[in-house]
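Chemist: I would like to see how this sequence folds:
(one chain, ligands or ions: 2)
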Amino acid sequence: MPVLSDIPGRVLLVGAGKMGGAMLEGWLGLGLDPAKAAVIDPGPPPEVAALLEGRGVALNPLNGGPPSVMVVAVKPQVAPEVLAKVAPLAGADTLVVSVMAGRTLAFLESVFPAGTAVVRSIPNTPAAIGRGVTVAVANDAVTDVQRRIADALLRATGGVEWVEDEDMIDLATAVSGSGPAYVFLLAEELAKAGAAAGLPADLADRLARQTVAGAGELIARSGIEPGVLRQNVTSPNGTTAAALAVLMDANRGFGPLLAEAVAAAARRSRELAG
Ligand SMILES: NC(=O)C1=CN([C@@H]2O[C@H](COP(=O)(O)OP(=O)(O)OC[C@H]3O[C@@H](n4cnc5c(N)ncnc54)[C@H](O)[C@@H]3O)[C@@H](O)[C@H]2O)C=CC1
Ligand SMILES: O=C(O)[C@@H]1CCC=N1
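Modeler: Ligands and ions are numbered 1, 2, ... in the order given. Coordinates of the predicted model:
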């Protein structure tokens, strides 16, 4: 696997918000030369602006020649307008890596010259602490070397799963791309339920956060399947069994609710294709 310091030429990041900023931080942390990175963004958030200034990464450079990689991390809704402006900066050998939800390989190929190498991917926000997971698909123009470069850039924020079938990206968006929000909602609602049941609200909040964080870490570190970890909490006819009878209800439990949520997110991803 190439290390980031080996990437030839420049890496141009278009859109350095939550996701683009987290990726850039990961790249610089893993050895990408700041002089070989550049950002196009009319208004990056203050913490990203500070990172750019602190590390000497060029913001909105007027020249520099075609980058070897252009990473696109603007909102999918503004993609046509933004890409119309930045596409001319790409050269024949530029690899385009998109992290935009919904925007398809066909859309991206329509914006850049025929034959442009394009990777469509979907990361998630634990990328900010190097614990993200990204699912990626490459078009036929992507060379082996370019795929390894894309892999190294995406892997700077966590794991990477490559798929061959682009339809999997909409489904992955609904599971891992949006998934952190489902887990954060669980922490919010668990705290609320605890407070409603009579715990002091601040204690309920601390217990819920620590429970979600600790349970996630246990999955990560133990390597034990979530179903087995669940059973390890569940004493026969005990308190957990009483709660799970509600949460695992075939009609109104987590199962059917999450299936509906995942289907809604995947549908929205397909709508964003534009
Ligand atoms: N936040 C998330 O959980 C995930 C986001 N994504 C994708 O990442 C992309 C970015 O999302 P976020 O970082 O959350 O949004 P964000 O709003 O934090 O960042 C977008 C950035 O684009 C910049 N921007 C706006 N107009 C621009 C222009 N004309 N040229 C260059 N930059 C411009 C904004 O100033 C902002 O810094 C989206 O396409 C989203 O679908 C993908 C997976 C997860
Ligand atoms: O909500 C969204 O559209 C983006 C994509 C996945 C997570 N956030």
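
Chemist: For stretch 208-216, C-alpha coordinates in CSV please.
Modeler: Extracted in CSV, the C-alpha atoms of stretch 208-216 (Å, rounded to 0.1, in the frame of the first residue of the first chain):
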residue,chain,number,x,y,z
ALA,A,208,-26.3,6.8,28.4
ARG,A,209,-23.1,8.2,26.8
GLN,A,210,-20.8,5.9,28.7
THR,A,211,-23.0,2.9,28.0
VAL,A,212,-23.1,3.6,24.2
ALA,A,213,-19.4,4.4,24.1
GLY,A,214,-18.4,1.4,26.2
ALA,A,215,-20.7,-1.0,24.3
GLY,A,216,-19.2,0.2,21.0
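
Chemist: Which residues does the helix or strand containing residue 185 contact?
Modeler: Assigning secondary structure by DSSP states H and E places residue 185 in helix 179-197. Residues outside helix 179-197 that contact it (C-beta atoms under 8 Å, 6 or more residues apart in numbering): 124-126, 201, 203-205, 207-209, 211-212, 216, 258, 261. For the C-beta atoms, the positions are set from N, CA and C on the backbone; glycine is no exception.

Chemist: how about it against ligand 1, any contact?
Modeler: No. Legend: contact between helix 179-197 and ligand 1 by C-beta under 6 Å from any ligand atom is lacking; minimum distance shown is 6.7 Å.

Chemist: what sits up against stretch 205-220?
Modeler: 131, 183, 186-188, 190-191, 194-195, 199, 224, 226, 229.

Chemist: Pull out the buried residues from that stretch.
Modeler: Applying a neighbour-count criterion of 16 or more other C-beta atoms under 10 Å, one finds 205, 208, 212, 215 buried in stretch 205-220.

Chemist: what's the pLDDT at the second one?
Modeler: Right, the one you point to is residue 208. As predicted, residue 208 sits at a pLDDT of 98.

Chemist: same check, this time on the third one
Modeler: Per-residue pLDDT puts residue 212 at 98.

Chemist: Same question for the last one.
Modeler: Confidence per residue is given as pLDDT, and for residue 215 that number is 98.

Chemist: Let's verify it: helix, strand, or coil?
Modeler: Counting by DSSP: H, G, I helix; E, B strand; the rest coil, the backbone at residue 215 sits in helix.

Chemist: Which other helices and strands does whichever strand or helix holds residue 54 contact?
Modeler: Element membership for residue 54, per DSSP H and E: helix 46-55. Applying 3 or more C-beta pairs under 8 Å, 6 or more residues apart in numbering; DSSP states H and E, one finds that helix 46-55 contacts helix 18-29, strand 58-59.

Chemist: and of the ones you listed, who's closest to residue 88?
Modeler: The closest of the helices and strands packed on helix 46-55 to residue 88 is strand 58-59. By C-beta to C-beta, the value is 17.9 Å.

Chemist: Which element is encountered next along the chain beyond the closest one?
Modeler: Using DSSP H and E, the first helix or strand after strand 58-59 is strand 69-72.

Chemist: Residue 100 contacts residue 76, correct?
Modeler: Yes. Applying C-beta atoms under 8 Å as the test, residue 100 and residue 76 come out as touching, 4.5 Å apart.

Chemist: quick check, residue 118 in a strand?
Modeler: Yes. Using three-state DSSP, the assignment for residue 118 is a strand.

Chemist: count of residues packed around residue 163?
Modeler: 16 (other C-beta atoms under 10 Å).
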